[in-house]
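# make a model of this:
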Amino acid sequence: MKFLQTLLPIAVATSFCTPLLAQTTWPDKPVRIVVPYAAGGTTDFAARQVAQKLTEQTGQSFFVENKTGASGTIGSNFVAKAAPDGNTLLTNDTTYAMLPAIFKKLPWDHASDLIPVTTLAITPVVLVVPAQSPFKTVADLIAHAKSHPGQLNFGSGGAGSSTHLAGEVFKKEAHVFMTHIPYKGAGDAMLALMGNQVDVLITASPTAIPVVKGGKVRALATTGDKRLAGLPGVPTFKEAGLAGFTVVNWFGLAAPKGTPTGVVQKLQQEVAKAMTDPALQERFSQQGAQPGGLPSTEFAALVKKEVAAWSAIAQSAGVKPE
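Below you'll find the model as predicted:
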């Protein structure tokens with residue numbers, strides 16, 4: 001199944017049942033941004049970049065706290081159950097849209113307990129192998145996997161995570177079998193790859209680019225219509241002969257249900273403002289990321305569409321809810 005690489009404005013009516021809070025009263029104390037994965041991954045990167053800019057813009061501290069475990073459900077549930085005052089937020093990502101496909105029951109209402117606020121970034125993904133790997137091209141990897149079914153493995157940031165299902169999509173498109181090895185986050189999976197504990201990892205570009213440039217891993221291909229500025233020598237999957245692999249990742253902010261409309265609106269506006277900063281744009285660009293800032297209604301529509309798309313992909317890949 002092909003994955004959309006471009007986002008089109010979508011008009012969706014969204015309502016909030018709490019009174020409008022005067023935008024001048026928030027933030028009036030430090031704001032916690034929960035990242036539901038270990039430090040070192042792209043979700044963590046995006047959250048910290050934006051937290052820094054929001055701190056500068058508002059004069060109030062925005063700080064990141066990592067609450068890891070269970071494919072992001074521990075941190076997500078923590079924020080869903082937090083006070084709806086705008087002082088506890090969630091940085092979610094593509095994996096969030098996959099949760100209904102991999103868990104029979106979640107401890108919060110996935111459809112309504114968290115309000116999509118805005119996107120932080122859209123990123124391509126990169127297929128990487130250990131620096132010492134014998135595979136120099138995607139064709140090399142596929143040929144070996146086909147002639148040695150089940151011998152290779154691929155790492156992920158957790159069962160049902162975006163890195164997991166990206167690996168499943170790759171297997172389907174390449175017609176190969178590889179064993180899945182889950183970790184607590186994309187950062188941990190990358191460390192395992194660097195330590196030759198796994199053979200393949202497909203992860204968001206900000207996670208991959210620094211270690212590729214440092215010579216710690218080798219990139220074989222990236223998604224997107226053109227090569228990444230940060231990895232100009234790495235071909236796209238289309239150039240590598242696997243045009244059907246088109247996965248991209250998104251990262252965004254969400255707030256507990258009941259958060260006042262004024263807070264949601266101001267937060268979205270502050271993030272959109274942060275995305276216009278040339279220094280932040282340059283940092284994102286070097287990591288292959290497209291800055292976010294979508295209006296809340298458009299982000300809500302994106303999440304809804306993603307839930308349906310990834311549920312279909314999970315079903316096609318044989319991933320069953322647990």
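
# alpha carbons only for contacts and neighbour counts from here, please
Fine.

# Trp250 and Val125 touch, don't they?
No: counting by CA atoms under 8 Å, Trp250 does not reach Val125; the two are 10.4 Å apart.

# which residues of the stretch 151-300 of the chain fall in strands?
Secondary structure of the stretch 151-300 of the chain by DSSP state E, counting those that start in this stretch: the strands cover 153-156, 179-182, 200-204, 217-222, 248-256, 290-291.

# what's the second one in contact with?
Spelled out, it's strand 179-182. 150-159, 164, 189, 198 (CA atoms under 8 Å, 6 or more residues apart in numbering).

# ChimeraX command to pick out the buried ones of those?
Selecting the buried subset of the contacts of strand 179-182 in ChimeraX, with 16 or more other CA atoms under 10 Å as the burial test, is done by:
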select :152,153,154,155,156,157,158,159,164,189,198
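
# and the longest strand along the chain, how far out from the chain middle?
In the chain, taking DSSP state E as the definition, the longest strand is strand 114-130. Relative to the mean C-alpha coordinate of its chain, strand 114-130 is positioned 3 Å out (CA atoms, centre = their mean, to the nearest Å).

# can I get whatever helix or strand comes next after that strand in CSV? Just the C-alpha atoms.
Next along the chain after strand 114-130, taking DSSP states H and E as the criterion, comes helix 138-147. Presented in CSV, the C-alpha positions along helix 138-147 are these (Å, rounded to 0.1, in the frame of the first residue of the first chain):
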residue,chain,number,x,y,z
VAL,A,138,19.1,-2.1,-1.4
ALA,A,139,19.4,-4.6,-4.2
ASP,A,140,22.2,-6.3,-2.3
LEU,A,141,20.0,-6.5,0.9
ILE,A,142,17.0,-7.8,-1.0
ALA,A,143,19.0,-10.4,-2.9
HIS,A,144,20.5,-11.8,0.4
ALA,A,145,17.2,-11.8,2.2
LYS,A,146,15.5,-13.7,-0.6
SER,A,147,18.3,-16.3,-0.7
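
# next, the angle strand 217-222 makes with helix 138-147.
Orientation note: helix 138-147 sits at an angle of 90 degrees relative to strand 217-222 (axes from the mean of the first three to the mean of the last three CA atoms, to 10 degrees).

# may I ask you to name the longest helix in this protein?
Longest helix in the chain, counting residues (DSSP state H): helix 296-317.

# picking that back up, closest one of the contacts of strand 179-182 to Tyr37?
Gly157 (8.2 Å; CA to CA).

# who's in contact with the closest residue to the closest one other than its chain neighbours?
In this structure, Gly157 finds its nearest non-sequential neighbour in Gly185, 3.7 Å apart by CA to CA, 6 or more residues apart in numbering. Counting by CA under 8 Å, 6+ apart, Gly185 touches Tyr37, Ala38, Ala39, Gly41, Thr68, Ser71, Ser156, Gly157, Gly158.

# all set, thanks.
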